[in-house]
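Chemist: Model the following, please.
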Amino acid sequence: MKPTSVQRFFLPAALLTSLTLPPLASAQYRLPDLVSVARADSLHLAAIAMSRTPGRWGDAARLHRQSAALRAPEDTMGYRCYWESAQLSYGKDDLSSARASMVKAAAQALARGDIVKAADAYADAAWLADQQHKPREVWKLGRQSEVLAVSPLLSREQREAILKRFVHAHDDLAVVARR
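Modeler: Next up, the predicted model:
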């Protein structure tokens, strides 16, 4: 049987259509990302409203953590939400949650390449660990901050500001900071 002109037209068209469907499907798959960001924003706004009431700081901190968890690593609001969660948890005297939120804030900042904020957040987490009398955590978190402080991407002033937070900075890192 000899193909007709209609079949000659539709066969390549069907093949072309089948090859272009996956990109169209992936474009539609982005919808959950938008829904996730909208939900994260609404949680953030609810947390801000709730944080104005001192008795609700724990709930506000929890909402900030939920908002941050929904955000992509490159979203600066993730850092802010974790940082605010840590502040509220500290105000509620929940040092474990404050430290955990500060560590996540540091990781979020580091994922975006913001070395100064990451180093500061690790230093804050080390201070919180010190308040909890957890020397291993103090050393681990403080060391992470110090390692970030010697990054060649930082200015001397930034490096010194970070290292100044540590009374017993390691000699090798303190020497690098003076250069």
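
Chemist: Quick one: mean pLDDT for stretch 125-136?
Modeler: For stretch 125-136, mean pLDDT rounds to 95.

Chemist: buried sites along that stretch?
Modeler: 125-130, 134 (16 or more other Cβ atoms under 10 Å). Heads up, the C-betas are built off the backbone N, CA and C, glycines and all.

Chemist: Might you specify the subset of the residues you listed located within strands?
Modeler: Secondary structure defined by DSSP state E assigns none of the buried residues of stretch 125-136 to strands.

Chemist: any residues touching the host helix or strand of residue 107, and which ones?
Modeler: Counting by DSSP states H and E, the element that carries residue 107 is helix 95-112. The contact list for helix 95-112 (Cβ atoms under 8 Å, 6 or more residues apart in numbering) reads 61, 64-65, 68, 73-74, 76, 78-79, 82-83, 85-87, 89-90, 115, 117-119, 121-122, 124-125, 128-129, 131-132, 137, 141, 144, 148.

Chemist: starting at the chain centroid, how far to that helix?
Modeler: Here helix 95-112 shows a centroid-to-chain-centroid distance of 7 Å under the convention Cα atoms, centre = their mean, to the nearest Å.

Chemist: What of stretch 63-83?
Modeler: Between the centre of stretch 63-83 and the centre of its chain there are 6 Å (Cα atoms, centre = their mean).

Chemist: Averaged pLDDT, it. What do you get?
Modeler: Taken as a whole, stretch 63-83 has a mean pLDDT of 93.

Chemist: Contacts only, for residue 36.
Modeler: Contacts here follow Cβ under 8 Å, 6+ apart; on that basis residue 36 touches 70-71.

Chemist: for residue 120, same thing?
Modeler: 145, 162.

Chemist: ok, it to residue 163 distance?
Modeler: Remark: distance between residue 120 and residue 163 (Cβ to Cβ, to the nearest Å) = 12 Å.

Chemist: quick one on the thing from earlier: could you pick out the buried ones from the contacts of helix 95-112?
Modeler: When the contacts of helix 95-112 are checked for burial by 16+ other Cβ under 10 Å, the buried set is 61, 64-65, 68, 78-79, 82-83, 85-87, 89-90, 115, 117-119, 121-122, 124-125, 128-129, 137, 141, 144, 148.

Chemist: element containing residue 68?
Modeler: helix 57-69.

Chemist: Quick check: next helix or strand after that helix?
Modeler: helix 76-91.

Chemist: Just the CA trace of that next one, in CSV.
Modeler: Provided in CSV are the C-alpha atoms of helix 76-91 (Å, rounded to 0.1, in the frame of the first residue of the first chain):
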residue,chain,number,x,y,z
THR,A,76,17.4,34.8,50.6
MET,A,77,14.2,34.6,52.6
GLY,A,78,15.2,31.1,53.7
TYR,A,79,18.2,32.6,55.6
ARG,A,80,16.0,35.3,57.1
CYS,A,81,13.3,32.9,58.3
TYR,A,82,15.8,30.6,59.9
TRP,A,83,17.6,33.6,61.5
GLU,A,84,14.3,35.0,62.9
SER,A,85,13.3,31.6,64.1
ALA,A,86,16.6,31.4,66.1
GLN,A,87,16.0,34.9,67.6
LEU,A,88,12.4,34.0,68.6
SER,A,89,13.5,30.6,70.0
TYR,A,90,16.2,32.3,72.0
GLY,A,91,13.7,34.8,73.4
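
Chemist: I'm done for today, thanks for sticking with me.
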